[in-house]
Every structure is written in C-alpha cells, then in structure tokens.
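Asker: no sequence on this one, just coordinates:
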C-alpha cells in the first residue's frame with residue numbers, strides 16, 4: 001500500500017467531508033456535525049489551510065486533519081496566539097492501522113516548522129498524550145467557564161513556549177454548529193440512519209470530567 005500525506009486542495013472538499021461523515025457518524029451523537037463544521041471552517045478567517053492535510057492510501061483519500069487559529073486570554077485580557085487541530089478523521093475500515101498517528105505527527109512537525117507556539121485541542125487524553133499533550137491544568141489553561149476539564153489538552157511546540165502563559169482557551173467560532181444548519185447541510189449527502197450508541201454516553205461523561 002502506498003501512503004501519501006499532502007495539503008488539502010479545493011478538489012478534495014467533498015470527498016474529505018464524506019470521509020469525516022463516515023468517521024464520526026453516530027460516534028458522539030446520533031448522526032454527526034463534523035462534516036458541517038469542516039464546511040464552515042474553510043470559510044473562516046481562523047482556518048489554516050497550510051496545516052490542513054489529507055492522507056491517501058493507494059491514491060484514495062482516507063482521512064484528514066484540520067487546523068484553525070485559537071487563543072489563550074489571560075486575566076489581564078492579553079491574548080496569546082495558539083493553534084488547534086480538529087476534526088481529525090480516518091475512514092472506519094482503516095482504523096487502528098496507524099494512519100491517524102501518521103497524520104497527526106506530520107501536522108505537528110509542520111506546525112513546529114512554521115513557528116507556532118502551541119497546540120490546544122479537545123479530546124480523550126489517552127488519544128493525545130502519546131504525542132506529548134498534557135492537561136490544560138498543567139499549564140494553567142482552562143475553558144472559558146474557568147474550569148479545568150480533562151479533555152482540554154495542550155502541547156507546547158518549543159521549549160518555554162508557554163512560559164508565563166495562562167488563562168482561558170478560546171476556539172474558532174466556526175467549529176460551533178447549530179442543529180438546524182447541520183440538518184440542512186446533511187441533506188446534500190446520502191441518507192444514513194441516526195442511532196443511539198454506547199459511545200455517545202461515554203463521550204457525554206468524558207466531556208464533563210474535571211481535572
């Protein structure tokens with residue numbers, strides 16, 4: 001199998017969204033919103049196309065990773081620039097074969113090469129700790145409600161990058177989607193049945209865990 005990682009281009013858009021839809025369908029909620037979020041993010045000023053990659057297996061797109069600008073705002077109102085990845089998606093039939101790892105590692109190195117300060121993201125700690133991510137609490141970085149959640153994860157991209165940086169993390173508004181806009185956008189895709197799955201309850205619990 002020939003594996004290739006490259007930047008996303010406009011001709012990839014629909015395929016990438018279809019892959020994301022397959023990857024997230026019924027995983028966190030009945031249905032999913034990630035393909036709609038990707039569609040919105042590309043139009044946002046926070047979108048970072050230079051860090052948005054697709055991964056191909058034998059010429060077929062099987063996954064992608066998206067980056068956007070984010071920030072940490074300290075108690076004095078000073079904004080510290082960070083970046084965020086997500087959604088990250090791999091077609092289900094290619095899960096647990098190392099493709100997600102290749103994609104994440106490639107993008108982290110690219111972010112370092114571009115001189116970015118740090119990556120903050122939301123997810124399961126066991127997914128991202130192997131890449132060096134640690135809880136936001138370690139760095140004094142919390143969510144806007146000033147609470148430290150286990151799912152808020154931070155990776156400095158060079159030594160001392162987060163020295164004297166703490167505060168509340170803010171992500172691109174483009175990543176927030178309404179039920180109405182997702183329902184409308186999903187009409188342009190083939191029908192898929194929405195189901196309640198055990199993973200959705202696990203996700204709901206994980207989102208509320210405090211550090």
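Answerer: That came through, no problem. In this text the structure is predicted, and so the values were computed from the model without any measurement.
Asker: wait, is residue 61 part of a strand?
Answerer: Yes - assessed with DSSP: H, G, I helix; E, B strand; the rest coil, residue 61 lies in a strand.
Asker: show me what it is bridged to.
Answerer: residue 56 (DSSP bridges).
Asker: now residue 90
Answerer: residue 63.
Asker: mind listing what it touches?
Answerer: Shown in contact with residue 90 (CB atoms under 8 Å, 6 or more residues apart in numbering): 19, 23, 55, 62-63, 99-100, 103. For every residue, glycine as well, the C-beta is placed using N, CA and C.
Asker: swap in residue 186?
Answerer: Here residue 186 is in contact with 31, 35-36 (CB under 8 Å, 6+ apart).
Asker: which regions of the chain sit below the pLDDT cut-off?
Answerer: Residues of the chain meeting the criterion pLDDT under 70: none.
Asker: could you show me where the helices are in it, in order?
Answerer: Under the criterion DSSP state H, helices of the chain are mapped to 13-24, 34-41, 99-113, 125-128, 136-139, 179-186, 198-208.
Asker: may I see the buried residues of stretch 49-67?
Answerer: For stretch 49-67, a neighbour-count test (16 or more other CB atoms under 10 Å) marks 51-57, 61-67 as buried.
Asker: and the residues you listed, which is closest to residue 177?
Answerer: Using CB to CB, the shortest approach to residue 177 within the buried residues of stretch 49-67 belongs to residue 66, at 13.6 Å.
Asker: ok, and the closest non-adjacent residue to that closest one?
Answerer: residue 52 (5.1 Å; CB to CB, 6 or more residues apart in numbering).
Asker: one step back: now the contacts of residue 186 as CSV including distance to residue 140 and neighbour count?
Answerer: Shown next, in CSV, are the contacts of residue 186 (distance: CB to CB, whole Å; neighbours: other CB atoms under 10 Å):
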residue, distance to residue 140, neighbour count
31, 36, 19
35, 34, 27
36, 33, 22
